[in-house]
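Q: Structure for this input, please:
(2 chains)
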Protein chains: 2
Amino acid sequence: MATRLSEDFMTSTHSAKYHELSLLLREAELLSSCGSVLSWDEQTYMPKGGAEHRAAQCSLIAGLAHERRTDPRIGELLGELQSSAGDLADNEEFVANIREVRRSYDRYTKLPKRLVEEISRVTTLSQQAWVDARAKSRFDLFRPWLEQVLALKREEAAAVSNGQGDPYDALLDDYEPATTAAELEQIFQPLASQLSELVAAISVSEQVISAEILERAFARSAQKTVVEQAAKKIGFDFHRGRIDESAHPFCSSFGPGDCRLTTRYQEEAFNSAFFGVLHEAGHGMYEQGLPADKFGLPSGQAASLGVHESQSRLWENLVGRSMAFWKGFFPTAQVNFPEVLADVTCEQFYAAINQVQPSFIRVEADEVTYNLHIMIRFELERELLSGNLPVMDLPEAWNDRYDTYLHIRPASDREGCLQDIHWSAGLLGYFPTYALGNLYAAELMAAASAHFGSLDQLIEQQDFAALLDWLRTHIHQYGRRYAPRKLIEQAIGHPVSSQPLLDHLWTKFGTLYQIPRPV
Amino acid sequence: MATRLSEDFMTSTHSAKYHELSLLLREAELLSSCGSVLSWDEQTYMPKGGAEHRAAQCSLIAGLAHERRTDPRIGELLGELQSSAGDLADNEEFVANIREVRRSYDRYTKLPKRLVEEISRVTTLSQQAWVDARAKSRFDLFRPWLEQVLALKREEAAAVSNGQGDPYDALLDDYEPATTAAELEQIFQPLASQLSELVAAISVSEQVISAEILERAFARSAQKTVVEQAAKKIGFDFHRGRIDESAHPFCSSFGPGDCRLTTRYQEEAFNSAFFGVLHEAGHGMYEQGLPADKFGLPSGQAASLGVHESQSRLWENLVGRSMAFWKGFFPTAQVNFPEVLADVTCEQFYAAINQVQPSFIRVEADEVTYNLHIMIRFELERELLSGNLPVMDLPEAWNDRYDTYLHIRPASDREGCLQDIHWSAGLLGYFPTYALGNLYAAELMAAASAHFGSLDQLIEQQDFAALLDWLRTHIHQYGRRYAPRKLIEQAIGHPVSSQPLLDHLWTKFGTLYQIPRPV
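A: Numbers count the residues shown, from 1 in each chain, chains lettered A, B, ... in the order given. Next up, the predicted model:
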């Protein structure tokens, strides 16, 4: 259980200071959460004509929230509490909160205002340039912007790390605290080579799997019904959340008790909304599992992007794309799509949603090839940042890497290095958290399965409460109390490795594609 | 045309001050508009579990907006600009903005913080007590709260008027500037007696009109289609607005380019959503017609609640419930409700939506009796505020007044003095703006009809652009530049009276109920 501050404990000078600090942080977060509502509405319901005014609203709120987050009083209180924490020194939650607030406060305040504004200005323009460049599949239009973004991110890295260490680590730390590129490399490299082996084995397998049935006419309204049922079944709480439509799916938590998911219903693409919602619901259930009374404090916040992604991937892939899940859920799907699924068996359906196919676009990739897309980006963005890879050489390097890892070569920059928004938005060091999420998810699922004997039976019976409860107990309730890797390792009881993920993939896809795992 | 500040004019010291003042006001309004988005979402999409956090968000934003509206710098700038306006002194828009900002700034700052907080606290509790009292139809449960509310509102009136004049005027001024209770009385009294005469004549008419067809099964989805078509036709701009569902209909403008209407679709009540949306769309079109570049300044705001209501009533009643409108629109209704309206003629439908029937509930009242409901409230709230009517005697006084004006007597407090939320929320002086709106609407419609020769033909052809344009030119574009009555009188070219409203009602309902107007 999370350590709670007892009342008598709140009487000391230290706790008065801690209380003041908490109030400042909560109010900053409360203000920021108003911005989340504005942004959610912008992407779901806002009429086009509201765009200009909405931008002004969002910018005002963001500015006010930033002012509060960099309030010098926070620095003073941190300093005083860190030099003398009194009775609080033994309180694990207090110590963690001070550590995390210090980390983000330093980050916010170390960045010169000029740099923050310049990054904001350039990434806004750079995203517009990226949209245009992608539409025209012309990297040369985006190149000067990427060069500017990289220069600014190098400046950012130098500012937050005082010029110490690998600049990439300084950026990564914003998304995945207490993790270094060198550590990731150690985990990712064996993963990449073994994944390549699996992909190669699948590509020569005589077992052919078609995903054609997923492109039949799945009526939007029925998709909506099915998707909401599935989200509800796995444990997304609709009393404290809802699902709406937007051009790009996302999960936004406004605060305790209100978490919004979005999706997009496409008639001839069953996968898109269904697994998209399971994914977002995984994020949402994490948010719904954070301790509500700690809103605004690190102990009430998600541990990292990697841990967040572990929750979404676990529900999307390890639960949602499993045979056990479809044994239980396929009848519901058939009831809602009586014509489309009349001639389809559960086994055929399961095979279709698990077709493996090296492809160019990351967001459409299957469970096996997905992480290879990430490996490529992780390698390239490190080289770009260090300057070892000149921006002008990126398209060629990108295509070569796809050749190496996936044995396919993009024919255009649109399906090559222009496909993701991340770099144009200044998100460098963000991609690896997706692969970390997959890796953590497999570790967690293995640990939970070991704990329950097996989860298959529960999942087949559509009973997800035990698994969710296990995640609440081992992950959600702690917020940011532990560094992400430590949190996972406490939950699973041993060091993190890529083994459970590889085991899962070989077992599942070895069976599907009838290929033996090399010894 | 609204006077625009030319660029060279912006170089003087006075205009620098005016510019600073404008920025302060715009930012306060921008912040406040974020609160409007939060509140809209609360009433349309927010899951129940989000209520507590939303209350905290709204209260934070309201507090910040209030801080900015009472910023002493506004007082300083006002003082400096009022004592020496320089070149600006001849600028009509400048003068009006300073006058209006002074008015609201004084009101905000004259109220002691303690009183503001006490009113907020008591009216929150009092509304809860009212909900309970109404459900149980027990006035005694609400009485002590109403007494407290009245005491606080007397304090408010004394504070803002420095104890001068009729306290009711000080409250009325918050909703309808530059209007006094004595003036309203002069307009309302002849209106009330003539309306009573019309109601009496209708009640003995041999012409029986039934509204039964409106209670048939009008499918919700078809209602939605029809209602949106009607709103679009009369000129509500969906590029800058939208319609959603909520328990209680409202119109909320977030700022230029984004105005949200809500309604509630009830299957067996065609009137509710249809005329509700025309009403809210009238409000919305006013908001959409305000000059966008003056957002945050009085010249970019609606003139008063009465003028706002004139726009909603004009489109709801004078356009929407007219024979000309249904001659043009009935085919659309029939297409969308083919079964329900198969055996109904346009004339029968027109009669049904215009049935006159004295009833207890204001919000369900027809065009003729509606204003009598207002007269009763206006009289009673003045007597309550002055203390001439002790709160304990309110139910009896209420029922007696219904006897006098409408010849019906409520059998319970729920359908008597407990029906409206207003007094429990501290809204004293608000009711008369509804009747003023009806009166202004009739004046405006008469003036527009005179201007165009007749509007019937345009309305029948579903061509509403000319009328909307006339309103934009004569009302919307001016924002708050003129006091509400002056604004209307400029538009119509003569003093306001209840004559056009009475003429309209006698003509329309005299024909429908086949009764001659007494000479």
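
Q: Pull out the buried positions in whichever strand or helix holds A:Ala200.
A: Per DSSP states H and E: A:Ala200 is located in helix A:181-203. Neighbour-count burial for helix A:181-203, counted by 16 or more other C-beta atoms under 10 Å in any protein chain shown, picks out A:181, A:184, A:187-188, A:191-192, A:194-196, A:198-199, A:201-202. For every residue, glycine as well, the C-beta is placed using N, CA and C.

Q: Kindly report the same for stretch A:386-401.
A: Here stretch A:386-401 shows A:389, A:391, A:394-395, A:397-399, A:401 as buried, counting by 16+ other C-beta under 10 Å.

Q: After the strand or helix carrying A:Glu489, which helix or strand is next? Please name it.
A: Using DSSP H and E, A:Glu489 sits within helix A:484-492. The helix or strand immediately downstream of helix A:484-492 is helix A:499-512, counting by DSSP H and E.

Q: In terms of secondary structure, what does that next one contact?
A: Other elements packing on helix A:499-512 under the criterion 3 or more C-beta pairs under 8 Å, 6 or more residues apart in numbering or on different chains; DSSP states H and E are helix A:181-203, helix A:432-451.

Q: Format the ones you listed as JSON lines; extra columns: distance to chain B and mean pLDDT.
A: Shown next, in JSON lines, are the helices and strands packed on helix A:499-512 (distance: least, C-beta to the nearest C-beta, whole Å; pLDDT from 0 to 100):
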{"stretch": "helix A:181-203", "distance to chain B": "36", "mean pLDDT": "94"}
{"stretch": "helix A:432-451", "distance to chain B": "26", "mean pLDDT": "98"}
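
Q: Narrow the buried residues of stretch A:386-401 to those in helices?
A: A:394-395, A:397-399, A:401 (DSSP state H).

Q: export these to JSON lines and tack on distance to chain B?
A: Below are those laid out as JSON lines (distance: C-beta to the nearest C-beta, whole Å):
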{"residue": "A:Leu394", "distance to chain B": "39"}
{"residue": "A:Pro395", "distance to chain B": "39"}
{"residue": "A:Ala397", "distance to chain B": "44"}
{"residue": "A:Trp398", "distance to chain B": "40"}
{"residue": "A:Asn399", "distance to chain B": "42"}
{"residue": "A:Arg401", "distance to chain B": "43"}
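
Q: Poorly predicted segments of chain A, please.
A: Scanning chain A for pLDDT under 70 picks out A:1-11.

Q: Close to chain B: what parts of it are there?
A: A:27, A:30-31, A:33-34, A:37-38, A:41, A:45-54, A:56-57, A:60-61, A:64, A:237-242, A:244, A:254-258, A:295 (C-beta under 8 Å from any C-beta of the partner chain).

Q: Just the buried subset of these, please.
A: Here, 16+ other C-beta under 10 Å leaves A:27, A:30-31, A:33-34, A:37-38, A:41, A:45-47, A:49-50, A:53-54, A:56-57, A:60-61, A:64, A:237, A:240-242, A:254-258, A:295 buried among the residues of chain A next to chain B.

Q: Show me what counts as buried in stretch A:485-497.
A: Under 16+ other C-beta under 10 Å, the buried positions of stretch A:485-497 are A:485, A:487-488, A:491-492, A:496-497.

Q: what comes into contact with it?
A: Here stretch A:485-497 makes contact (C-beta atoms under 8 Å, 6 or more residues apart in numbering or on different chains) with A:178-179, A:187, A:303, A:307, A:310, A:439-440, A:443-444, A:446-447, A:474-475, A:478, A:481-482.

Q: filter those residues to the buried ones?
A: For the contacts of stretch A:485-497, buried by 16+ other C-beta under 10 Å: A:179, A:187, A:303, A:307, A:310, A:439-440, A:443-444, A:446-447, A:474-475, A:478, A:481-482.

Q: Could you point out which of the helices and strands packed on helix A:499-512 sits nearest A:Leu384?
A: A:Leu384 lies closest to helix A:181-203 among the helices and strands packed on helix A:499-512, at 12.9 Å (C-beta to C-beta).

Q: Check which helices and strands that closest one sits against.
A: Checking 3+ C-beta pairs under 8 Å, 6+ apart, helix A:181-203 ends up next to helix A:167-175, helix A:370-386, helix A:394-406, helix A:432-451, helix A:499-512.

Q: what angle do the lengthiest helix in chain A and helix B:13-44 make?
A: Counting residues, the longest helix found in chain A (DSSP H) is helix A:13-44. Angle of helix A:13-44 versus helix B:13-44, following axes from the mean of the first three to the mean of the last three C-alpha atoms, to 10 degrees, is 80 degrees.

Q: right, and the helix or strand after helix A:13-44?
A: By DSSP H and E, the next helix or strand past helix A:13-44 is helix A:51-69.

Q: Do I have it right that A:Asp166 meets A:Thr180?
A: Yes: the pair A:Asp166 and A:Thr180 passes the contact test of C-beta atoms under 8 Å, sitting 6.9 Å apart.

Q: related to what we said a few turns ago, for A:Leu501, state which of the buried ones among the contacts of stretch A:485-497 is nearest.
A: For the buried ones among the contacts of stretch A:485-497, the nearest to A:Leu501 is A:Leu439 (5.2 Å; C-beta to C-beta).

Q: Not counting sequence-adjacent ones, nearest residue to the residue positioned nearest the centre of chain A?
A: A centroid search over chain A (C-alpha atoms, centre = their mean) returns A:Glu309, at 3.6 Å, as the residue closest to the centre. Using C-beta to C-beta, 6 or more residues apart in numbering or on different chains and skipping residues adjacent in sequence, the residue nearest A:Glu309 is A:Gly437, 2.4 Å away.

Q: Identify the residues contacting that neighbour.
A: So A:Gly437 contacts A:305-313 (C-beta under 8 Å, 6+ apart).

Q: can you tell me how far it sits from A:Ser310?
A: For A:Gly437, the distance to A:Ser310 equals 5 Å [C-beta to C-beta, to the nearest Å].

Q: can you check A:Ala16 too?
A: Applying C-beta to C-beta to A:Ala16 and A:Ser310 gives a distance of 37 Å.

Q: One more: A:Val122?
A: A:Val122 is 32 Å from A:Ser310, by C-beta to C-beta.

Q: Skip ahead from the helix holding A:Ala200 and say which helix or strand is next.
A: Assigned by DSSP H and E, the successor of helix A:181-203 is helix A:220-234.
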